[in-house]
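Q: no FASTA, just this:
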C-alpha cells in the first residue's frame, strides 16, 4: 500500500519487518542501519542513499525499525520508493507518494486553511465562463429601463432627491452651489468652523453694515470714550496721547521708554521737592530716611556718635595715635637690619644673632660596643657596608618566617584541592580578557563560605585548586559591573 507524504516535510516512518535471511521467520532486532543502507528513488529516478548523514534508526518491535526522511528526501513530487538491504536479513521495501502541501493538508491533515484548487468547466452539462460563476458581471449601457448611463466605467447621475425629498432647484443652481461649496483645493477648516447660530445674532457671524460689526468698526476707528474694564494684554505701536489724568496703574510697569521733555521736567521737579523736604522725626523703619538718620547720628560733629568716639581716645586724636605706634614698630624693625645677612638669593641670621641659640652636641647615646652588639643581634653588616639580605641574626629569622608564611597563604588563597580549575574572565561586549580582577570561589550561592580567591592575569585567567563540586564565583573590578555569582561545576 502506498503511503502519502507532504512535500518538503521531514517524516519518520516504520520499516520492516526485518527477519532472518536463513529461516525467514526470526525477527532481527539488533541491526545497525546506516545512511548508505537506506536507498531511495524519487519519481522513478535511480536509487541513491538518503540525505540524512547520521539517521536515527531505532528498533521498535518485532524487527520493525524507525527510519527518517529529511525535507530533501521528500522535496520531489510523485512516487518515493525505499529499499533497505541488511546482511543476515531479508530485504525490506516501502512505497510512498509525495503530494503538494495544500493537497496533503486538505486530504490528510484536515486543515481548514488549505483547500483543493479546482476549476469549474461545466454545471449540469453546460460549459461555464468566469462571468457565469460570478467572476465578472456584464452591465447594459443605455438610458432605458434596467440600464445604466456610463462611459468608460464612470456612471452618470442626476440628483433628483435627497432622503426621499425632491430637490426643487434647477440643474444650473445645484451645479453652481456645489462649485461654490467645494471651490477650495486644500481646505484647512470644516463645516464645524462656522458658529452654530443665526448670522447677525449673539454668537453668530457678523453681517457688515447691519449689526454689531458696524458699531465696533466705528468705535475702533474713532475715539474710545468711557472706561476700559479688565486687563489690556499689550499695546503694539505708539500711543499718541492720553488726555486727562490716569487714575491709577495696578501692577508693575516693566519699562518706560523715551519720556518727553515735559515729562522729564515734571519728574525732576517731584524729586527735587522730595529731597528738599525735612526728614520726619520718626521715619519708617528700614526706609531710606531712617538709614540717613542713623548715618547722621554716627558721624555727627557734636561728638556723641560712635565714629566720633573712635576718633577721640582720652584726648588723643587718631592721627597722633598712628604716629606713635608706627614709630614704635619701626624701632624694632630697624634692629633686623643688623641681624640678617644676604646668602645668595635669600637672607640668613648672622653669627652674632645666633649666639644665644640652643646648641646641639650631635653625639650618639650608644657606645661603640653597644652599636656592635645591636648589629650582631639584628644581622646588620658593619657601618659603611652596603646593606644586603640578612644571613644571620633576628632579621634572618624574621625573613625566613615571612617567606614560609607568605607561601602558605598564597597556596591557601588559590585553594588546596586536587583538581586544577582555570577560569577565564572576558568582556561580554568586546570579548577581550579582563586582567587584575578579583575572583572569589564560594561553595554556596549566598557567597558566605569562601573556598579560594585570586586575581586574573593579563590573559584574563586565574587558576584554582579545588575539590569536585559546584562553585559560585564572584567577580570584582573597579569600572566593571558583573552579574554575580557565576555558577561553575568542577569535576
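A: Yes, it's here. Only a predicted model underlies this, so the values are computations on that prediction, with no experimental measurement involved. Numbers count the residues shown, from 1 in each chain.
Q: Give the burial count for residue 425, as a bare number.
A: Neighbourhood size, residue 425 [other C-beta atoms under 10 Å]: 20. To be clear about C-beta, it is placed using only N, CA and C from the backbone, and glycine gets the same treatment.
Q: Secondary structure of residue 473: a helix, I assume?
A: No - assessed with DSSP: H, G, I helix; E, B strand; the rest coil, residue 473 is strand; it does not lie in a helix.
Q: so who does it touch?
A: Contact partners of residue 473, counting by C-beta atoms under 8 Å, 6 or more residues apart in numbering, are 423, 439, 440, 441, 442, 484, 485, 486, 487, 488.
Q: same check, this time on residue 352
A: Neighbours of residue 352 in contact, by C-beta under 8 Å, 6+ apart: residue 339.
Q: Show me just the buried residues among the contacts of residue 473.
A: The neighbour-count test (16 or more other C-beta atoms under 10 Å) marks 423, 439, 440, 441, 442, 485 as buried among the contacts of residue 473.
Q: check contacts around the first one.
A: Put plainly, it is residue 423. Contacts for residue 423 (C-beta under 8 Å, 6+ apart) come out as 439, 461, 462, 463, 464, 473, 488.
Q: let's go with 7 Å and repeat that
A: Residues near residue 423 by C-beta atoms under 7 Å, 6 or more residues apart in numbering: 439, 461, 462, 464, 473, 488.
Q: Dump those to JSON lines, plus secondary structure and distance to residue 183.
A: Output for the contacts of residue 423, formatted as JSON lines (DSSP: H, G, I helix; E, B strand; the rest coil; distance: C-beta to C-beta, whole Å):
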{"residue": "439", "secondary structure": "strand", "distance to residue 183": "81"}
{"residue": "461", "secondary structure": "strand", "distance to residue 183": "83"}
{"residue": "462", "secondary structure": "strand", "distance to residue 183": "84"}
{"residue": "464", "secondary structure": "strand", "distance to residue 183": "88"}
{"residue": "473", "secondary structure": "strand", "distance to residue 183": "79"}
{"residue": "488", "secondary structure": "strand", "distance to residue 183": "81"}
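Q: just these now: which is nearest residue 58?
A: Closest approach to residue 58 among the contacts of residue 423 (C-beta to C-beta): residue 488, at 35.2 Å.
Q: ok, how many other residues are close to the nearest residue to the closest one once chain neighbours are set aside?
A: Distance criterion C-beta to C-beta, 6 or more residues apart in numbering; nearest residue to residue 488, sequence neighbours excluded, is residue 471 at 5.3 Å. Neighbour count of residue 471, defined by other C-beta under 10 Å: 23.
Q: Given the host helix or strand of residue 454, what are its sheet partners and their directions?
A: Residue 454 belongs to strand 450-455 when assigned by DSSP states H and E. With DSSP bridges as the test, strand 450-455 is paired with strand 438-442 (antiparallel).
Q: ok, residues contacting the strand it pairs with?
A: 423, 425, 448-456, 462, 464, 466, 471-477, 485.
Q: Low-confidence ranges, the protein, go.
A: 111-115, 117, 130-139, 208-258, 297-323, 357-365, 382-389, 403-412 (pLDDT under 70).
Q: I'm done for today, thanks for sticking with me.
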